[in-house]
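In: Sequence first, predicted coordinates after that:
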Amino acid sequence: MKEKLVIVGVGTHSEDVVYFVQKHDLFDIVCFTVDRDYIVSNEYMGKPVYPFEDLEKYVDPEDVKVFIAISWFNYMNKYKRQKFEQLKARGFHFANLISPLASVNCTYIGEGNWIQDLTVIGFDSKIGDNNTICAQSQVGHHTVIGNHNVMSGRATVGGRTIIGDHNYLGLCSVVFNELTIGNKNLIGGSAIIKSSLPDCTITTAPEYHTKQATEKTLEFIISPKGVEFLKTFR
């Protein structure tokens, strides 16, 4: 019998999760949950929608797994982390959505991760909590990925590299071997990182442009209101 799954969030990101779970027959989706103020219907994709604040009234934390389907585009995974920590404190456990088409060779993996099709995770690597590693990405051997990160499709991280928390690695970006990437870095699509990065660095391609930012600025950029900033980056 498949484990029961509760999905946090309703919207296009949730639809992607549902498709993935059903495609690979990973879990039995039983309901969705969002904050009470955001409930516009008591049903979504044929399943009930329950208020996040009262979720325990509808499901037993020991009887289900939870997956948080909130896009990274909400303030650099800030809200996704908040929901993760709140549910963790309330006794819930989190599902890892791991594609059977992925090659996962890590010695440790936390909770709430989404590892998509054709991803390769190298030998003796370690993956923390609440990460999304998109299709055809590669994580090198003996590499450590922290928490609340996103690796977009075909992103590559070399061996013996350390990635902190709340980082975004864009499509086809490359981080070389034996580097340390701090927290809340925005690495643009196709960017090639050959040296370690501190916290709150923005890197764009095709030219190698790097700019330091504050945590507040990074969170603003990665929001619906902040995307225009990147067009004037230089």
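Out: Received, thanks.
In: Can I take it that residue 18 is in a helix?
Out: Yes: applying DSSP: H, G, I helix; E, B strand; the rest coil, one finds residue 18 inside a helix.
In: in the chain, which strand has the most residues?
Out: strand 28-34 (DSSP state E).
In: For that one, which residues meet the burial criterion?
Out: 29, 30, 31, 32, 33, 34 (16 or more other CB atoms under 10 Å). Where you see a C-beta, it was placed from the backbone N, CA and C, and this is true even at glycine.
In: List the pairing partners of the next helix or strand after that strand within its sheet, with orientation.
Out: Per DSSP states H and E, the first helix or strand lying C-terminal to strand 28-34 is strand 43-44. Note on strand 43-44: by DSSP bridges, its sheet partners are strand 47-51 (antiparallel).
In: Heading C-terminal from the strand it pairs with, find the next helix or strand.
Out: Following strand 47-51 in sequence, per DSSP H and E, is strand 64-68.
In: Please enumerate residues in contact with that next one?
Out: With contacts defined as CB atoms under 8 Å, 6 or more residues apart in numbering, strand 64-68 is touched by 3-9, 17, 27, 30, 80, 83-84, 87, 92-95, 97, 112, 114, 130.
In: Could you export that strand as PDB, keeping only the C-alpha atoms?
Out: Provided in PDB are the C-alpha atoms of strand 64-68 (Å, rounded to 0.1, in the frame of the first residue of the first chain):
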ATOM      1  CA  VAL A  64       0.700  11.000   6.200                       C
ATOM      2  CA  LYS A  65       3.700  12.500   4.500                       C
ATOM      3  CA  VAL A  66       3.800  16.100   3.400                       C
ATOM      4  CA  PHE A  67       5.300  17.800   0.400                       C
ATOM      5  CA  ILE A  68       5.500  21.600   0.100                       C
END
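In: what angle do that strand and strand 28-34 make?
Out: 50 degrees (axes from the mean of the first three to the mean of the last three CA atoms, to 10 degrees).
In: okay, now the domains of this structure?
Out: Annotated domains of the chain cover 4-89, 97-215 [automatic domain parsing].
In: and of the ones you listed, who's closest to residue 222?
Out: Ranking the domains of the chain by proximity to residue 222 (CB to CB) places domain 4-89 first, at 4.4 Å.
In: OK, contacts around residue 18?
Out: 7, 29, 45.
In: quick check, nearest of those residues to residue 212?
Out: Nearest member of these to residue 212, counting by CB to CB, is residue 7, at 36.4 Å.
In: Quick check: that closest one touching residue 29?
Out: Yes: the criterion here is CB atoms under 8 Å, and residue 7 meets it with residue 29 at 6.4 Å.
In: ok so, going back, distance to residue 222 and mean pLDDT for the domains of the chain - can I get that in TSV?
Out: Output for the domains of the chain, formatted as TSV (distance: least, CB to CB, whole Å; pLDDT from 0 to 100):
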stretch	distance to residue 222	mean pLDDT
domain 4-89	4	95
domain 97-215	7	94
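In: Pick the most deeply packed of those.
Out: Each of the domains of the chain was scored by mean neighbour count; the highest is domain 97-215, a mean of 19, by mean count of other CB atoms under 10 Å.
In: Endpoints of that one, how far apart?
Out: 29 Å (CA to CA, to the nearest Å).
In: From the chain's centroid, how far away is that domain?
Out: Relative to its chain's centre, domain 97-215 lies at 10 Å (CA atoms, centre = their mean, to the nearest Å).
In: tell me which element residue 6 is part of?
Out: strand 4-8.
In: Run the chain-centre distance for that strand.
Out: With CA atoms, centre = their mean, you get 16 Å for strand 4-8.
In: Parallel or antiparallel, which strands does it pair with?
Out: In its sheet, and by DSSP bridges, strand 4-8 pairs with strand 28-34 (parallel), strand 64-68 (parallel).
In: Since that was my last question, I'll sign off now.
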